[in-house]
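**Q** Build the 3D model from these lines:
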Amino acid sequence: MITNLHYADDIILLATSEAELQELVDRLDRVSRRYSPLINIDKTKVMASDGIACRILIRNEQLAQVSMFPYLGSLITEDGECTTKFHTRLNRGQAIGASLQKIWKSHSIQISTKRRLMKALVWPVVTYSSESWTLRKNEETCFEAFEMKGLKKILHVSWTANKTSEWVLNKAGVKRELLDAVKARKLAYYGHTMRKQGN
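**A** Purely as a prediction, here's the structure:
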């Protein structure tokens with residue numbers, strides 16, 4: 001059973017009980033003191049997947065318990081839902097899109113080039129770690145709305161102009177792609193998991 005995930009200076013300790021987690025934390029603290037890099041108590045957090053309060057100590061100081069925390073670009077929540085993570089990725093994608101306004105407004109850059117830039121610079125930010133998301137109708141609608149909003153920026157179509165999504169797609173000369181790309185990634189990830197040996 002995996003009990004530790006290490007990446008650079010980020011470590012996740014997984015345990016099935018409070019006592020087991022305390023034992024893992026104590027062991028990590030002993031080793032870190034032996035080799036000098038002490039655990040930063042202010043940056044160390046505890047999260048219980050069932051939401052029950054737990055009391056974990058390092059050098060007689062209690063660690064703060066949180067309901068969510070970012071780890072390697074993903075947002076982990078105690079309820080295991082991906083809704084917060086999904087909206088965080090959409091917001092980051094919108095921020096990247098907003099920072100490229102000069103490119104979207106430029107008349108010297110072809111629409112096809114702008115579409116490729118959108119796919120290369122904005123979509124990866126939005127779809128990062130999407131393989132593990134549970135997509136409901138609401139999330140699918142948000143993906144499609146995000147794609148349409150991006151195409152409207154590229155085509156200089158104001159949000160006040162009453163243009164249908166079909167009109168925007170025809171004007172851009174494309175079909176909807178973002179949601180299909182996410183579903184393809186999810187299927188590829190599922191296939192990779194199913195082909196894995198063992199249980």
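
**Q** Once you drop chain neighbours, what's closest to I76?
**A** Spatial nearest neighbour of I76, chain neighbours left out: F69 (5.8 Å); criterion: C-beta to C-beta, 6 or more residues apart in numbering. All C-beta atoms are positioned from the backbone trio N, CA, C, and that covers glycine.

**Q** Distance-wise, check the one you found relative to D26.
**A** Distance of F69 to D26, computed by C-beta to C-beta, to the nearest Å: 21 Å.

**Q** What of E177?
**A** Remark: distance between E177 and D26 (C-beta to C-beta) = 50 Å.

**Q** same question, T83
**A** In terms of C-beta to C-beta, T83 sits 35 Å off from D26.

**Q** Now do the phi/psi pair for the closest residue to Q62 other than its chain neighbours.
**A** Spatial nearest neighbour of Q62, excluding adjacent residues (C-beta to C-beta, 6+ apart): R55 at 6.0 Å. Backbone torsions for R55, taken as degrees, to the nearest 10, come to phi -120, psi 100.

**Q** Repeat that for Q65.
**A** When read as degrees, to the nearest 10, the backbone of Q65 gives phi -100, psi 130.

**Q** Please name the residues that touch it.
**A** Q65 makes contacts with 45-48, 53-54, as judged by C-beta atoms under 8 Å, 6 or more residues apart in numbering.

**Q** out of those, what pair is the most spread apart?
**A** In these, the most distant members under the criterion C-beta to C-beta are K45 and A53, with 13.4 Å between them.

**Q** What residue spans form the domains of this protein?
**A** Following the assignment in automatic domain parsing, the chain carries domains at 4-71, 81-195.

**Q** State the mean pLDDT of the last one.
**A** Here the mean pLDDT over domain 81-195 is 89, rounded to a whole number.

**Q** Without its sequence neighbours, what residue ends up closest to S49?
**A** E78 (5.6 Å).

**Q** Could I get the contacting residues of that neighbour?
**A** With C-beta under 8 Å, 6+ apart, E78 has these contacts: 47-51, 67-68.

**Q** Try it again at 10 Å.
**A** 47-52, 65-69 (C-beta atoms under 10 Å, 6 or more residues apart in numbering).

**Q** ok, the closest residue to A172 other than its chain neighbours - how many residues close by?
**A** Ranked by C-beta to C-beta, 6+ apart and with sequence neighbours excluded, the top spatial neighbour of A172 is L151, at 5.1 Å. Counted with other C-beta atoms under 10 Å, the neighbours of L151 add up to 21.

**Q** tell me which element L151 falls in.
**A** Using DSSP states H and E, L151 maps to helix 137-155.
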